[in-house]
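Asks: With the sequence up front, the predicted model follows.
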Amino acid sequence: MEWKHLKARVLETGAVRLSGEPADEYISRSAAGPSAGSPGSIFFTAGGGRRVRAGMDDASPIEVVHRGGGEADLIIDGEVISGRLEPPALHCPRQAYITVSGTCIFHCRYCTVPGLPGRRKTIDEIVRMVKDVSDRIDAIAITSGVASSIEEEEAYILEVVAALRSSGLPIGVSIYPTLRTPARLHALGVAEVKFNLEAATPELFAKMCPGLSWETIREALRSSVALFGHGRVYSNIIVGLGETDDDLERLMEYLAGSGVIPILRPLTPAASLADRSRPSAERLLSLARVHERILREAGLDPRHALTMCAACTGCDLVPGRDA
């Protein structure tokens with residue numbers, strides 16, 4: 001079975017059964033998004049830039065057997081794929097991917113963060129975290145909840161970025177933006193930005209993220225392309241919120257036509273959407289074909305990503321990487 005079909009099955013299932021030798025050093029835990037507060041996840045790679053991230057569930061029909069020293073086998077649908085477990089630096093392999101504020105005043109229906117006792121990391125703490133993994137990373141990625149207000153969060157993130165500039169590594173930032181956020185991040189030398197539209201339509205966004213503005217995010221993405229360049233601006237779009245495939249195709253065409261790389265993120269059922277199903281492997285593969293065509297026609301290639309999700313590829317089917 002081709003890698004993209006295997007990965008789609010893992011993304012459909014969402015978790016694997018981890019067995020074999022102890023693997024604590026290979027387990028990553030999230031402080032943001034729908035996976036926050038979960039038992040953790042692992043990154044399995046079959047080489048050649050092919051990577052998948054999966055949660056851990058003893059009841060999963062998919063098994064990863066750790067043979068020791070990172071060597072592992074992925075056992076899925078009767079097939080055995082040899083590979084490795086990748087140790088996360090911070091959150092994911094080869095990046096210091098840091099959640100600055102692990103709390104949020106907004107209540108997006110798919111996100112567990114507002115219900116968790118999160119806190120804001122100090123700037124000194126963040127600098128120390130990056131320094132501690134400096135020999136294992138190629139990039140820094142910054143994300144955050146909204147601790148008190150959108151404007152205050154942006155101001156704090158700008159301080160964080162300024163403190164990290166001396167690392168010399170490319171920095172990517174993914175926060176809820178104001179209209180001035182792109183220019184302010186660009187002035188600090190940020191390499192890439194990711195502002196997440198999350199839902200395929202503004203109507204669906206309004207239902208999922210009350211109190212936030214889809215149009216503000218869209219405008220921030222548009223203005224970011226002129227600053228950071230084609231292929232250096234990204235936006236997560238969740239698959240499984242109730243949208244149609246036509247909705248997703250229209251939004252992908254709009255974003256790619258604007259120079260933004262859309263990232264299709266399978267829904268992780270959580271928070272008030274805990275009773276939803278993850279998108280099927282068949283749907284993910286069908287959308288991946290459309291996604292690949294749209295990016296090719298727009299001259300966009302996620303393989304050139306420096307930071308954040310498009311550089312990691314663990315959670316999504318990524319055109320050009322997952323063949």
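Replies: Sure thing, it's come through. Numbers count the residues shown, from 1 in each chain.
Asks: Check what pLDDT Ser41 gets.
Replies: We note a pLDDT of 95 for Ser41 in this prediction.
Asks: That one: neighbouring residues, count only.
Replies: 25 (other C-beta atoms under 10 Å). Any C-beta I mention is one placed from the backbone N, CA and C, and that applies to glycine too.
Asks: The stretch 1-150 of the chain: helices as residue ranges?
Replies: Under the criterion DSSP state H, counting those that start in this stretch, the stretch 1-150 of the chain contains helices at 3-13, 123-132, 150-164.
Asks: continuing past the last one, what's the next helix or strand?
Replies: Next along the chain after helix 150-164, taking DSSP states H and E as the criterion, comes strand 171-174.
Asks: which helices and strands sit right next to the helix or strand just after that following strand?
Replies: With elements assigned by DSSP H and E, the helix or strand that comes after strand 171-174 is helix 181-187. In this structure, helix 181-187 makes packing contacts with helix 150-164, strand 192-194, helix 214-228, judged by 3 or more C-beta pairs under 8 Å, 6 or more residues apart in numbering; DSSP states H and E.
Asks: Deepest in the core, which of those is it.
Replies: Per-stretch averages of neighbours, counted by mean count of other C-beta atoms under 10 Å, single out strand 192-194 among these, with a mean of 27.
Asks: list the helices and strands it packs on?
Replies: Under the contact criterion of 3+ C-beta pairs under 8 Å, 6+ apart, strand 192-194 touches strand 171-174, helix 181-187, helix 214-228, strand 233-239, helix 308-312.
Asks: Output the ones you listed in JSON lines; the columns should cover mean pLDDT.
Replies: Formatted as JSON lines, these follow (pLDDT from 0 to 100):
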{"stretch": "strand 171-174", "mean pLDDT": "98"}
{"stretch": "helix 181-187", "mean pLDDT": "98"}
{"stretch": "helix 214-228", "mean pLDDT": "98"}
{"stretch": "strand 233-239", "mean pLDDT": "98"}
{"stretch": "helix 308-312", "mean pLDDT": "97"}
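Asks: mind checking which of these is nearest Gln95?
Replies: For Gln95, the closest of the helices and strands packed on strand 192-194 is helix 308-312, at 6.6 Å, according to C-beta to C-beta.
Asks: Quick one: low-confidence residue ranges for this protein.
Replies: In the prediction, the chain carries residues with pLDDT under 70 at positions 30-38, 323.
Asks: How much space separates the spatially most distant residue from the centre of it from Ser60?
Replies: Using C-alpha atoms, centre = their mean, the residue of the chain lying farthest from its centre is Gly78. It sits 29.0 Å away. Look at Gly78 and Ser60: by C-beta to C-beta, to the nearest Å, they are 15 Å apart.
Asks: and what of Arg120?
Replies: As defined by C-beta to C-beta, Arg120 lies at a distance of 34 Å from Ser60.
Asks: And for Ala199?
Replies: Using C-beta to C-beta, one obtains 28 Å as the distance from Ala199 to Ser60.
Asks: of these two, who's got more company?
Replies: When neighbours are counted by other C-beta under 10 Å, Ala199 and Ser60 differ, and Ala199 comes out ahead with 23 against 18.
Asks: in what helix or strand does the closest residue to the more buried one other than its chain neighbours lie?
Replies: Taking C-beta to C-beta, 6 or more residues apart in numbering as the measure, Ala199 lies nearest to Phe205, with 3.8 Å between them; neighbours along the chain are not counted. Following DSSP H and E, one finds Phe205 within helix 202-208.
Asks: Show me what the longest helix seen in the chain is packed up against.
Replies: If you go by DSSP state H, the chain has its longest helix at helix 281-298. Of the remaining helices and strands, those touching helix 281-298 by 3+ C-beta pairs under 8 Å, 6+ apart are helix 3-13, strand 233-239, helix 245-257, strand 261-266.
Asks: May I see those organised as TSV, with distance to Met56 and mean neighbour count added?
Replies: Output for the helices and strands packed on helix 281-298, formatted as TSV (distance: least, C-beta to C-beta, whole Å; neighbours: other C-beta atoms under 10 Å):
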stretch	distance to Met56	mean neighbour count
helix 3-13	12	21
strand 233-239	22	24
helix 245-257	29	17
strand 261-266	17	23
